[in-house]
Every structure is written in structure tokens, then in C-alpha cells.
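Asker: sequence isn't available, so here's the structure alone:
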């Protein structure tokens, strides 16, 4: 059994298991809660070039040439990369593979000059919350409040020259209800991405 992490892109046929399984997973958990187009609309929201050097990366974890994990990042701002598409095949979970992918993405982000990582995960993904907390990411929300009051849960972490630095980003304020939180997420998704235009 041989695992390798390779640089790739969203259009690579080897990336298809990642993309299609993420769509199934997100649709199962969220359906059209955040947008009428569901997960497929979200995953195709950004052009493949967003995940290419010099500002992004798209990586696949292969085991004996089979895609079993992967992830990506894109430019969020001059100093910050935004993690996206972190995935592990459902039959290969609980082996630390997502942790390996995130570590590889962090390393690549440092190589490209980023000093901060940012990400959001959905409120129905407690395993993702545990992953990022375990990797030293700072929650930009109050973990003691019901996660549905945020819709999506933001995290940050300093890397590279600023590794270990305490974050100062203000915490996101919770909504008064889950419905208001979902409406706020939909509004954020409709706005232009900080890293550049969306298609």
C-alpha cells in the first residue's frame, strides 16, 4: 500500500471522485439550504484557475493510484489562503488522512508566501470542526453556542513567518435564529469573493 500526495487541478479525471463525493455529501447534509443549486453550484462557483499557482493549489492523496483524499486552497487576500474541498473517501476515514492533506496544503501555502489560512465548514459537520481545532485553527465563532446560529463556521491559523501568532480577527456574531444565519450565509455566497471575481 503506497500513499502519495500529488499536485493536480479540479479538471483532472483523478479529481472526479473528490468532487462528486463532496457533492453527494454536501447535498445529503444541506440539500438546497444555502442555494437553489445545492452543492454542485457551490463546488463549481470558482474557476479551476483559482486553485492553480501562483495563488492556489489543488492536491490529491492517492493510494495505489486510487484517489482517497484531497483538498485545495485559493487566494483570500494578499496574506491569506482559503482552504477548500478537504475530503477523504468514506471507506478510508479515521486514518488521519484529512490531517495529512491539510498539513500538505499548509506547507504549500507557506511556499507560496501566505502567512494566514482561513476556512469555513458547515454547521452540520462536527468531524470537520474537530479536525481544525485539533490542527490548531482558531474558531472565529463561539463554540459554546449552537452552530446553526452561524450557518458556516469560520476558522483561521497563522503559518510560515507568523506561525504561532495569536489571531486577532473579531469573532463572527451569531444570528438570532437558524433561519437568519442561513440567509446571512446565502448573502455572503452571493457577494464577490475577497480573492477575486466569481463566475
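Answerer: Noted; the coordinates are in hand. No experiment lies behind these values; they were computed from the predicted model shown.
Asker: next, the buried residues of stretch 145-165.
Answerer: Buried residues in stretch 145-165, counting neighbours by 16 or more other C-beta atoms under 10 Å, are found at 147-160. In this view, the C-beta of every residue, glycine as well, is placed from N, C-alpha and C.
Asker: in the protein, what secondary structure element scores lowest on mean pLDDT?
Answerer: Across the helices and strands of the chain, the lowest-confidence element by mean pLDDT, DSSP states H and E is helix 38-43, at a mean of 85.
Asker: for that helix, which residues meet the burial criterion?
Answerer: By neighbour count, and taking 16+ other C-beta under 10 Å as the criterion, the buried residues in helix 38-43 are 38, 39, 40, 42, 43.
Asker: how much space between residue 24 and residue 79?
Answerer: 34 Å (C-beta to C-beta, to the nearest Å).
Asker: what residue is smack in the middle of the chain?
Answerer: For the chain, the residue lying nearest the average C-alpha position, counting by C-alpha atoms, centre = their mean, turns out to be residue 84 (2.8 Å).
Asker: and the closest residue to it other than its chain neighbours, what is it in contact with?
Answerer: Taking C-beta to C-beta, 6 or more residues apart in numbering, and ignoring the residues beside it in sequence, residue 84 has residue 72 as its nearest neighbour in space, at 4.9 Å. With contacts defined as C-beta atoms under 8 Å, 6 or more residues apart in numbering, the neighbours of residue 72 are 10, 51, 56, 57, 58, 59, 83, 84, 85, 105.
Asker: any weak-confidence spans in this protein?
Answerer: Scanning the chain with the threshold set as pLDDT under 70 gives 195-199.
Asker: what about the helices in it?
Answerer: Here the chain has its helices, by DSSP state H, at 16-30, 38-43, 97-111, 126-134, 178-190.
Asker: angle of the third one against helix 126-134?
Answerer: Relative orientation of helix 97-111 with respect to helix 126-134: 50 degrees, computed using axes from the mean of the first three to the mean of the last three C-alpha atoms, to 10 degrees.
Asker: give me the buried positions along helix 97-111.
Answerer: Buried residues in helix 97-111, counting neighbours by 16+ other C-beta under 10 Å, are found at 97, 98, 100, 101, 102, 104, 105, 106, 108, 109, 110.
Asker: make JSON lines out of these and add distance to residue 65.
Answerer: Rendered in JSON lines, the data for the buried residues of helix 97-111 read as follows (distance: C-beta to C-beta, whole Å):
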{"residue": "97", "distance to residue 65": "16"}
{"residue": "98", "distance to residue 65": "20"}
{"residue": "100", "distance to residue 65": "17"}
{"residue": "101", "distance to residue 65": "17"}
{"residue": "102", "distance to residue 65": "22"}
{"residue": "104", "distance to residue 65": "18"}
{"residue": "105", "distance to residue 65": "21"}
{"residue": "106", "distance to residue 65": "25"}
{"residue": "108", "distance to residue 65": "22"}
{"residue": "109", "distance to residue 65": "26"}
{"residue": "110", "distance to residue 65": "28"}
